[in-house]
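Visitor: Return atomic coordinates for the entry below.
(one chain, ligands or ions: 2)
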Amino acid sequence: MNVTEKILHAHLLSGEPVPGQEVAIRIDQTLTQDATGTMAYLQFESMGIDRVKTELSVSYVDHNTVQIGFENADDHDYLQSVARKIGVIYSKPGNGICHQLHLERFGKPGKTLIGSDSHTPTGGGIGMVAMGAGGIDVAVAMGGGAYYIAWPKVVGIRLVGRLTPGVSAKDIILAVLRRFGSKGNVGKVFEYYGPALAALDVPSRATIANMGAELGVTTSVFPSDEVTRAFLKAQGREADWVELKADDAAYDETWELDLSTLEPLAAAPHNPGNVETVAEHAGQRVNQILIGSCTNSSYRDIKTVALLLKGKQVHPDVEVGIACGSKQVVRMLADEGLLSALIASGCRILENACGFCIGAHMSPATNAVCLRTSNRNFEGRSGTLSAKVYLVSPETAAASALVGAFADPRGCNVPDVPMPGAFTVDDGMFLYRETAGQGIPETPILRGPNIGQVPAGKPLPEQLEGQAVIKVGDKITTDHIMPAGARLKYRSNIPEYAKYVFEHTDPGFYERALANRNAGTANIILAGESYGQGSSREHAALCPMFLGVRAVIAKSIERIHRANLINFGIVPFEFVRPEDYACVAQGDRLRIDALRSVIAGNGRATVTNLSNNTTFDVKTDLSERQKRLLLAGGLLAAVAQGQA
Ligand code: MIC
Ligand code: SF4
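Guide: Numbering: from 1, shown residues only. Ligands and ions are numbered 1, 2, ... in the order given. This is a model prediction of the structure:
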């Protein structure tokens, strides 16, 4: 067995371990972040469970920390009070980014983790099976319920050779993205092995595992070896170490990457899968460089940048911002005088939070060219629709900051930053550790006016007749469906947030969908390949559900989004013949007869296009559990009806 299979088998509750079959997995740890967490805890509350039943659950506040207006602060108060009551550890805003913190302080090799954030697989860097999930799935796991996945195919990525100075983990994962692309990897786990791992520290492994999310894989996993042990020891957690390694020839498919052949890479606008070399852009002017995010904000990353910038000035025409991943990273750099070096070089020091990565601030100027060390460069995600965002390594970002243009860091004497023997451990901003798992039941829950309710789903109708309310193309991300940035503050208020569904893709969507809903006409979304890439935000299903969307018909749908659609009672259909996508238009009236029997049966249906008198076939492969959820009108409705 490989490491993935070893961990999954040890947590298998039911189902056949056959690729593609739905299995139930026991979850040891959960994490939430604030932007998805409020809904997750509202859903937890509505399930009537009084305290968490996991080994460990942590509620991080890292996304909405800008706090313009009362909304974010209301959310924080709610999250803090719920955490205290139900036995969840609460990480205060300012402590850092969930994935970086979880790796530093809580991740354990061999354990399972789900998080209401698509980059939860960062934990794979430490030998966990860590997966992104919808908030409601995390709520179920916090209540002791299973998490359901399709048993994965495991692709072995064999790393050989040694990185040359100036080339780092970000370039490795960009090379993997160049080879495998950002679609078509659903249902797979990428597991890394090979001789090169001995020289790859845990933060580097975590960078690679983090951006597995951009491949669309279920998760990415590294073994747990002496490198892992040294990291945990330096975090004062050697007792959490166990060894985990793959047996020989344990993969369904393998691919080998020789690290010595790698050069600095960049993902070009507007998708992490558009990988080019830094060399092909050399000298091209850049306007903004932002270093941080859960991908590249470790002590190793920021220290490398600080050493490259120390004693020098960033180019006058470029704005440079640095966001460390955690309080630990900030404190260590401060103690070593390196924060001062960054400030002296002309960098703007940003809060250790998601910030720029989610477009919460630092939106660039019109038509700006930006280099960022984050993981997503979807159109408009920065908050500026016309901006062109390239994803690069911290080394490339620092070298480019000095010259104000794309620069290859290999010419810059990039220092080697070894892992420290001991990290500065300071858990002062983690609250309620002493009552974790137990909680303080008498805690009053604080619900400001921004804290709304979870809308109820309605059972699936006998027959679906509705309008193709929108037709979109390939690689539509959940950022397209449910924009974040300036709209993030409405995450706890569905009627308000729903006004922005497809805001940038089609500003008329909300009015049309609402008019249909109010007239009793169902809404149907038409889409191309890889619908629902990116963020795990279940709001991309929840808000459409609120607007009366009952089905999505796409060429293909990404894993987390498909699960979210089912959780909120929206049928995820795929075209049987992808060519039929061309024969149906926005505005067409569509009908599916006997929908309930279709869902209860084999998931195959014929859609009648009443607008042009044609038909086409659709399908959806569902487990018995998923059928029950859809028929009931979603997971919460199923729980209420005793059908979950
Ligand atoms: C993201 O990177 O897109 C986010 C914001 O972290 C999301 C979660 C969210 O939308 O709140 C994710 O990756 O799941
Ligand atoms: Fe935060 Fe960005 Fe990471 Fe999402 S990808 S968790 S917004 S830092």
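
Visitor: what mean pLDDT does stretch 226-237 have?
Guide: Averaging pLDDT along stretch 226-237 yields 98.

Visitor: got it, and stretch 171-191?
Guide: If you average the pLDDT over stretch 171-191, you get 97.

Visitor: Could you work out the end-to-end span of it for me?
Guide: End-to-end distance of stretch 171-191: 17 Å, with Cα to Cα, to the nearest Å as the criterion.

Visitor: Just the buried positions in that stretch, please.
Guide: Judged by neighbour count using 16 or more other Cβ atoms under 10 Å, the buried positions of stretch 171-191 are 171-177, 180-183, 185-186, 188-191. Placement of C-beta: from N, CA and C, glycine included.

Visitor: Please verify my assumption that residue 276 contacts residue 265.
Guide: Yes. If you go by Cβ atoms under 8 Å, residue 276 and residue 265 touch, sitting 7.1 Å apart.

Visitor: So between those two, which is more surrounded?
Guide: Set residue 276 next to residue 265 and count neighbours by other Cβ atoms under 10 Å: residue 265 wins out with 25 against 14.

Visitor: now that one, nearest residue through space, not along the chain?
Guide: In space, residue 265 comes closest to residue 174 once its chain neighbours are excluded; the distance is 3.9 Å by Cβ to Cβ, 6 or more residues apart in numbering.

Visitor: which helices and strands does the helix or strand where the one you found lies pack with?
Guide: Per DSSP states H and E, residue 174 falls inside helix 169-180. Judged by 3 or more Cβ pairs under 8 Å, 6 or more residues apart in numbering; DSSP states H and E, helix 169-180 is in contact with helix 202-210, helix 212-215, strand 253-258, strand 265-267, strand 275-277.

Visitor: And the following helix or strand past that helix, how far out from the chain middle?
Guide: Next in sequence after helix 169-180, counting helices and strands by DSSP H and E, comes strand 188-193. Put simply, strand 188-193 sits 17 Å off its chain's centre (Cα atoms, centre = their mean, to the nearest Å).

Visitor: what does stretch 293-311 give?
Guide: From the chain centre to the centre of stretch 293-311 is a distance of 22 Å (Cα atoms, centre = their mean).

Visitor: Show the model's pLDDT score for the residue nearest to the spatial centre of the chain.
Guide: Against the mean C-alpha coordinate of the chain, by Cα atoms, centre = their mean, the closest residue is residue 118 at 1.8 Å. Here, the pLDDT recorded for residue 118 equals 98.

Visitor: From residue 134, how far off is it?
Guide: 10 Å (Cβ to Cβ, to the nearest Å).

Visitor: next one: residue 395
Guide: From residue 395 to residue 134 the distance is 35 Å (Cβ to Cβ).

Visitor: same deal with residue 360?
Guide: Distance of residue 360 to residue 134, computed by Cβ to Cβ: 21 Å.

Visitor: So for these two, which sits in the more crowded spot?
Guide: residue 134 (30 against 24).

Visitor: can you tell me how far that one sits from residue 200?
Guide: From residue 134 across to residue 200, the span is 31 Å (Cβ to Cβ).

Visitor: Please apply the same query to residue 387.
Guide: Counting by Cβ to Cβ, the gap from residue 387 to residue 200 is 32 Å.

Visitor: Spell out which parts of the stretch 251-400 of the chain neighbour ligand 1.
Guide: Neighbours of ligand 1 within the stretch 251-400 of the chain, by Cβ under 6 Å from any ligand atom: residue 358.

Visitor: Please enumerate the strands of the stretch 251-400 of the chain.
Guide: 253-258, 265-267, 275-277, 288-291, 319-323, 348-350, 369-372, 388-391 (DSSP state E, counting those that start in this stretch).

Visitor: Around ligand 1, which positions in the protein sit nearby?
Guide: So the chain meets ligand 1 at 35-36, 63, 117-119, 132, 358, 484, 534-537 (Cβ under 6 Å from any ligand atom).

Visitor: for this structure, longest helix please?
Guide: Counting residues, the longest helix in the chain under DSSP state H turns out to be helix 71-86.

Visitor: name the helices or strands packed onto that one?
Guide: Counting contacts by 3+ Cβ pairs under 8 Å, 6+ apart, helix 71-86 packs against helix 34-46, strand 56-60, strand 89-91, strand 430-431.

Visitor: Please name whichever of these is nearest to residue 574.
Guide: Closest to residue 574 of these, according to Cβ to Cβ: helix 34-46, at 25.8 Å.

Visitor: any idea of the pLDDT on the residue in the stretch 351-500 of the chain positioned nearest to ligand 1?
Guide: As assessed by Cβ to the nearest ligand atom, ligand 1 sits closest to residue 358 within the stretch 351-500 of the chain, at 4.6 Å. Residue 358 is assigned a pLDDT of 96 by the prediction.

Visitor: I am finished for the moment; much appreciated.
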